[in-house]
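[1] Quick one, structure for this:
(chains A, B, C and D)
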Number of protein chains: 2
Amino acid sequence: MRIGELADRVGVSTRTLRHYESLGLLPGRRGSNGYRVYDDADVRAVREIRMLVGLGFALEETRPFVDCLRAGHERAGSCPDSLAVLRRKIAEVDESVDRLRRVRAELGDQLVEATHARCEFSLFSP
Amino acid sequence: MRIGELADRVGVSTRTLRHYESLGLLPGRRGSNGYRVYDDADVRAVREIRMLVGLGFALEETRPFVDCLRAGHERAGSCPDSLAVLRRKIAEVDESVDRLRRVRAELGDQLVEATHARCEFSLFSP
DNA sequence: CTAGACCTTGACGCCGACGTCAACGCCAGC
DNA sequence: GCTGGCGTTGACGTCGGCGTCAAGGTCTAG
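    Numbers count the residues shown, from 1 in each chain, chains lettered A, B, ... in the order given. Model (predicted):
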C-alpha cells in the first residue's frame, strides 16, 4: 500500500508518516516509481505509535516498542527496552498525578481565600 | 529600582522581565536615562506571576491577576476575571488528574501484559 | 580617562510534532 | 494529450517562554 492508504487506515496525515520515517520509526522502502510502500506490519507499527502517543509518550519513547515489533515480537512492550520505558513512564505519571493533586489543593485554597476576600470586601464596601 | 535588582529579588532573569513587559504584564516606565524603573508593586506582580506559573498557569492566564493587583486590590485572585480563570484552572487540573489516572491504569495493564508475555516466552523458549 | 558593570534594542535559536506551501513527478481515465 | 489525483523533496511556520548573542549607550569607581 502507498502512503495515502496507510494514512487513511490509521487516521493520521501523510505528513505525520513522513515525519515518523524521518525519525527512523518507519522504514523507507520504495517502489520502482519512488513511491513509499507499506505493509500490514507498518500499519501495526503506526497504530502502536499512536496508542503510545495518546498515552503521553514522546515519539522518541515509542522507538523501543516499534523496534520490538519489527524484531518479530508479538507484543511491542515485551522487550527489555520497552519495559524500561514503560516503567519509567509509569513513575513519571505517578509523579505528575501527585504534583497535580498538590496543585489542585493549592488552587482550592486560593479560591477559598479569594472568595473570602470578596465577601469581606462586599461587607465593608457595598 | 532597575531591572537587575528586580530580577535578583524575585529570582528570574532580566530577559524574563523584558519578556513580561513585551506581553504587557509589566509596565514600561523609564527613568531619564532610558532605563526601566520598578517599584515594590512590580515586585509583587512578578512574584504573583511566578507563583501562578509554578502552579501551571500560562503567562496569558496570569494577566487578570496582575491587572487585579494593579487595580489596587490586596489579593490578586479577588477580581471576577481572576476568579473565573482560577475556577477554570481548577476544572482543568481535575480533568488532567482524571485523565492521568486512567493513563496510569492503562500503563499498569500494559506492564502486566508485557511481563506475562515475557514469562510465557521464557517458559517456552529457555 | 578608562575599565567594567550595568543598561538598551533587535534578532535568531530552541524544543516537539507536525501544518502548510511550493514546485515538481507519475499515472489513470477521458 | 490533458486533467486530476496521487506521490515526491525541501523548507519555512506554529506555539510558549524564554536563552543567547551582538552592538551599542550609561554610569560609577579608581
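
[2] Distance check, the residue most central in space within chain A against residue B:77.
    Central residue of chain A (CA atoms, centre = their mean): residue A:53, 1.6 Å from the mean position. Residue A:53 sits 36 Å away from residue B:77, going by CB to CB, to the nearest Å. C-beta coordinates here come from the backbone N, C-alpha and C atoms, glycine included.

[3] and the lengthiest helix in chain A, is it in reach of DNA strand C?
    Secondary structure of chain A read by DSSP state H shows that its longest helix is helix A:80-124. No: among the residues of helix A:80-124, none lie within reach of DNA strand C under CB under 7 Å from any atom of the strand; the closest is 12.5 Å away.

[4] same deal with stretch A:1-20?
    Yes: using CB under 7 Å from any atom of the strand, stretch A:1-20 reaches DNA strand C at A:12-13, A:15-16, A:19.

[5] wait, does that stretch make contact with DNA strand D?
    Yes: using CB under 7 Å from any atom of the strand, stretch A:1-20 reaches DNA strand D at A:2-5, A:14, A:18.

[6] Out of those, grab the one that's most surrounded.
    Neighbour count (other CB atoms under 10 Å in any protein chain shown) singles out residue A:3 as the most crowded of the residues of stretch A:1-20 next to DNA strand D, with 18 neighbours.

[7] Name all residues that make contact with that one.
    Taking CB atoms under 8 Å, 6 or more residues apart in numbering or on different chains as the criterion, residue A:3 is in contact with A:14, A:17-18, A:35-36, A:38.

[8] cutoff 7 Å now
    A:14, A:17, A:36 (CB atoms under 7 Å, 6 or more residues apart in numbering or on different chains).

[9] ok, the closest residue to DNA strand D within chain A to residue A:10 distance?
    Using CB to the nearest atom of the strand, the single residue of chain A nearest to DNA strand D is residue A:4, 2.4 Å away. Distance, residue A:4 to residue A:10, using CB to CB: 12 Å.

[10] Could you single out the nearest of the residues of stretch A:1-20 next to DNA strand C to chain B?
    residue A:12 (20.3 Å; CB to the nearest CB).

[11] Angles on the backbone of the closest one, please.
    phi -130, psi 170 (degrees, to the nearest 10).

[12] Stretch A:60-72 near DNA strand C at all?
    Yes: applying CB under 7 Å from any atom of the strand, one finds stretch A:60-72 touching DNA strand C at residue A:60.

[13] what about chain A, any weak spots by pLDDT?
    Along chain A, segments meeting pLDDT under 70 span A:117-126.

[14] Please list the residues of it that sit near chain B.
    Residues of chain A lying near chain B by CB under 7 Å from any CB of the partner chain: A:55-56, A:74-75, A:77-78, A:82-83, A:86-87, A:89-90, A:93-94, A:96-97, A:100-101, A:103-104, A:106-108, A:110-111, A:113-114, A:117-118, A:121.

[15] change it to 8 Å
    Contacts of chain A with chain B, taken as CB under 8 Å from any CB of the partner chain, map to A:55-56, A:73-75, A:77-78, A:82-83, A:86-87, A:89-90, A:93-94, A:96-97, A:100-101, A:103-104, A:106-108, A:110-111, A:113-115, A:117-118, A:121.

[16] how many neighbours does the nearest residue to residue A:59 once chain neighbours are set aside have?
    In space, and not counting its chain neighbours, residue A:59 is closest to residue A:23: 6.0 Å by CB to CB, 6 or more residues apart in numbering or on different chains. By the criterion of other CB under 10 Å, residue A:23 has 14 neighbours.
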